[in-house]
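> Need coordinates for the following:
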Amino acid sequence: MSFSEIFKSSFLENVTSISLLDMALALILAFGVGLFIFFIYKKTYAGVMYSSSFGVTLIALTMITTLVILAVTSNVVLSLGMVGALSIVRFRTAIKEPMDIAFLFWSIAAGIVLAAGLIPLAVFGSVMIGIILLVFANRKEHSNPYIVVISCESSKSEKSATEYLAQNTKKLTVKSKTVRKGDVELNIEIRLKDDNTDFINSLADLPGVQNAVLVSYNGDYMG
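Take a look at the predicted model:
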């Protein structure tokens, strides 16, 4: 049997195992689910720099995963070769946000489930995951955390500065303390009583306080 005959018979066998309608339906649904994942990612993103290319990657990843699983389920020999080929792939891109990992796994899982023919599970599961992410990822705390950076001349001025902060804030926690000759630097996490930040001006005017800086704080601390 010639190569063309082998190719023709293999092609016909794969086409009959998965119809063109099934392939088109799976890819269209993968695009729709990927678009929904992209929408949820855009609505729940809380990082510093939003990347639209990552959102497009989620759509492409859902469709690519569906395509791969369709090929694997249509031919056992092809599936073994594809597993070997994919095993040598190494991804070096760093994931900056922890939530990005969840979205990547969501896209892959949705593509696998769609290609397996479990369409209700893929659609209903994606909707449930999206609702949960919208509820919890966008939930705001009643009092946002801030970091106050204070430079003092001595331990006496340090004590007066922390006492003043304790009186004018809801809660404070010392994150770090750096001591040099004639200089004490404090990084303090605080919770405001209200939206008024005028107390920082009075804090900087205290005797022995060289400067005071108020910075918005997202909860991640680099020591």
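> Check which residues of the longest helix along the chain are buried.
When the chain is parsed with DSSP state H, its longest helix is helix 20-44. Of all the residues in helix 20-44, those buried under the rule 16 or more other Cβ atoms under 10 Å are 23, 26-27, 29-30, 32-34, 36-38, 40-41, 44. C-beta: built from backbone N, CA, C; applies to glycine.
> cool, and stretch 169-187?
By neighbour count on 16+ other Cβ under 10 Å, the buried set for stretch 169-187 is 169, 172, 184-187.
> for stretch 187-203, same thing?
Applying 16+ other Cβ under 10 Å to stretch 187-203 flags 187-190, 192, 199-200, 203 as buried.
> In strands, which of those appear?
If you go by DSSP state E, these have 187-190, 192 in strands.
> Which parts of the protein are helices?
3-17, 20-44, 52-74, 76-86, 98-115, 119-137, 155-168, 199-204.
> Need the contact partners of the fifth one.
Here helix 98-115 makes contact (Cβ atoms under 8 Å, 6 or more residues apart in numbering) with 26, 29-30, 33-34, 37, 40-41, 44-46, 54, 58-59, 61-70, 73, 95, 121-122, 125-126, 129, 137.
> Out of those residues, which end up buried?
Buried among the contacts of helix 98-115 (16+ other Cβ under 10 Å): 26, 29-30, 33-34, 37, 40-41, 44-45, 54, 58-59, 61-70, 122, 125-126, 129.
> Next, format the buried residues of stretch 169-187 as JSON lines and append pLDDT.
Below are the buried residues of stretch 169-187 laid out as JSON lines (pLDDT from 0 to 100):
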{"residue": "T169", "pLDDT": "83"}
{"residue": "L172", "pLDDT": "83"}
{"residue": "V184", "pLDDT": "84"}
{"residue": "E185", "pLDDT": "87"}
{"residue": "L186", "pLDDT": "84"}
{"residue": "N187", "pLDDT": "87"}
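> P145 bridge partners, please.
R191 (DSSP bridges).
> report the longest strand in the protein, please.
The chain, longest strand under DSSP E: strand 169-180.
> Just the closest of the buried residues of stretch 169-187 to S19, please.
N187 (63.0 Å; Cβ to Cβ).
> what sits against that closest one?
147-149, 174-177.
> Take these and write them to JSON lines, including pLDDT and distance to I108.
Formatted as JSON lines, these follow (pLDDT from 0 to 100; distance: Cβ to Cβ, whole Å):
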{"residue": "I147", "pLDDT": "86", "distance to I108": "37"}
{"residue": "V148", "pLDDT": "86", "distance to I108": "43"}
{"residue": "V149", "pLDDT": "87", "distance to I108": "42"}
{"residue": "V174", "pLDDT": "84", "distance to I108": "43"}
{"residue": "K175", "pLDDT": "84", "distance to I108": "37"}
{"residue": "S176", "pLDDT": "83", "distance to I108": "39"}
{"residue": "K177", "pLDDT": "83", "distance to I108": "45"}
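> Check the chain and tell me which residue is nearest its centre.
M99 (2.3 Å; Cα atoms, centre = their mean).
> Please report the distance of that one from V213.
Going from M99 to V213 by Cβ to Cβ, to the nearest Å gives 29 Å.
> L118 too?
L118 is 54 Å from V213, by Cβ to Cβ.
> hmm, back to that, from the buried residues of stretch 187-203, which is closest to T162?
The closest of these, once distances to T162 are taken by Cβ to Cβ, is I188, at 7.3 Å.
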